[in-house]
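A.B. asks: My questions concern the predicted model and sequence given below.
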There are 2 protein chains.
Amino acid sequence: MSGTGPVRRFVPPRAGAIAADPRSAFRWESVDLLAYKSDAAAPFRDVTRQTLFKRDDLAGELRYFEVAPGGHSTLERHAHVHAVLILRGRGQCLVGDAVHAVGPNDLVTVPPRTWHQFRAAKDAPLGFLCMVDAARDKGELPDDATLETMRQNAFVRAFLDG
Amino acid sequence: MSGTGPVRRFVPPRAGAIAADPRSAFRWESVDLLAYKSDAAAPFRDVTRQTLFKRDDLAGELRYFEVAPGGHSTLERHAHVHAVLILRGRGQCLVGDAVHAVGPNDLVTVPPRTWHQFRAAKDAPLGFLCMVDAARDKGELPDDATLETMRQNAFVRAFLDG
């Protein structure tokens, strides 16, 4: 964000942009659109990441993730907390062993060491702000035994199968 | 937020609620609507505050402020940084010696020790998310000499005079 003024403008999507390209995300001036994960081993689909606020003099970071229609974030857990506000679209999230429908402005807290995943609806993106500590641990992926246990819950299984 | 589940729902304003009461703010389940300032000496008008995320295991806090039409936050500065995303409505913000028009999803960075104020339009509220460090200093108000210097800039003077 160096070299930019105090205000970075939202760039509204052009009419029809989402229909033309389901990966069209909300964008901002002077904010790079990044790949969601640099770790190719973490399974996800059609997710972009934009870092809205990250500064040496801020203890938190605010990121914007957008999951394209039908896509999903990585199923993972970690010690750090996610503080999420849905900004756009709709979908579902898994937090622990419960699946929740979410839409604009809903708040989601992912507590420490809690399995979680976000999925966009088939016909809508799911865009959300996520506040995290700047100093944080990496995510852990479930092993086969953990996944098998999770899938014994029919709601969770239906969620994971999309 | 203790005792609540991971998802706290947005409560959309009823149709006409804003027209009936200009102080009607965006609301969420299990989130208290608070007075903006506890310090009566800090001048402001028609601002509410809601703490969306504040936890012992998060280094940042995420608050939602809503300035009713024609209202304004306190003109102040402090060492801690504000990371702001406009969620609703429109208005203007003063950051240092510049006035910026702002609307939905625009990002505003208030650097350390920078005078700042948010004003809603006459006919629209201005609602914004503000990320701060949980550990932070209190705001400082301008003295008369500082205000006089600020008012020598015609744009700033027009802003301060509403």
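C.D. replies: Sure thing, it's come through.

A.B. asks: hmm, who's touching the helix or strand hosting residue A:130?
C.D. replies: According to DSSP states H and E, residue A:130 maps onto strand A:126-133. By C-beta atoms under 8 Å, 6 or more residues apart in numbering or on different chains, the list of residues contacting strand A:126-133 from outside reads A:25-26, A:52, A:59-67, A:80-91, A:102, A:108, A:118-120, B:53, B:58-60, B:62, B:85, B:129, B:131. C-beta here means a position set from N, CA and C on the backbone, and glycine is covered the same way.

A.B. asks: Please state the offset of the following helix or strand past it from the chain centre?
C.D. replies: The helix or strand immediately downstream of strand A:126-133 is helix A:144-150, counting by DSSP H and E. How far helix A:144-150 lies from its chain's middle: 22 Å, per C-alpha atoms, centre = their mean, to the nearest Å.

A.B. asks: mind listing what's buried in the next helix or strand after helix A:144-150?
C.D. replies: Downstream of helix A:144-150, the next assigned helix or strand under DSSP H and E is helix A:154-160. Residues of helix A:154-160 classed as buried by neighbour count (16 or more other C-beta atoms under 10 Å in any protein chain shown): A:156, A:159, A:160.

A.B. asks: Chain B versus the last one, what's the distance?
C.D. replies: Okay, so that is residue A:160. 17 Å (C-beta to the nearest C-beta, to the nearest Å).

A.B. asks: and residue A:83, what helix or strand is that in?
C.D. replies: Residue A:83 belongs to strand A:82-89 when elements are defined using DSSP H and E.

A.B. asks: So which residues make contact with that strand?
C.D. replies: A:26, A:64, A:66, A:93, A:102-110, A:116, A:120-121, A:124-132, B:52-53, B:55, B:58, B:60, B:62, B:105, B:129.

A.B. asks: so it versus strand A:126-133, what angle?
C.D. replies: Interaxial angle, strand A:82-89 versus strand A:126-133 (axes from the mean of the first three to the mean of the last three C-alpha atoms, to 10 degrees): 160 degrees.

A.B. asks: who does strand A:82-89 pair up with?
C.D. replies: Paired strands of strand A:82-89, with direction, are strand A:107-110 (antiparallel), strand A:126-133 (antiparallel) (DSSP bridges).
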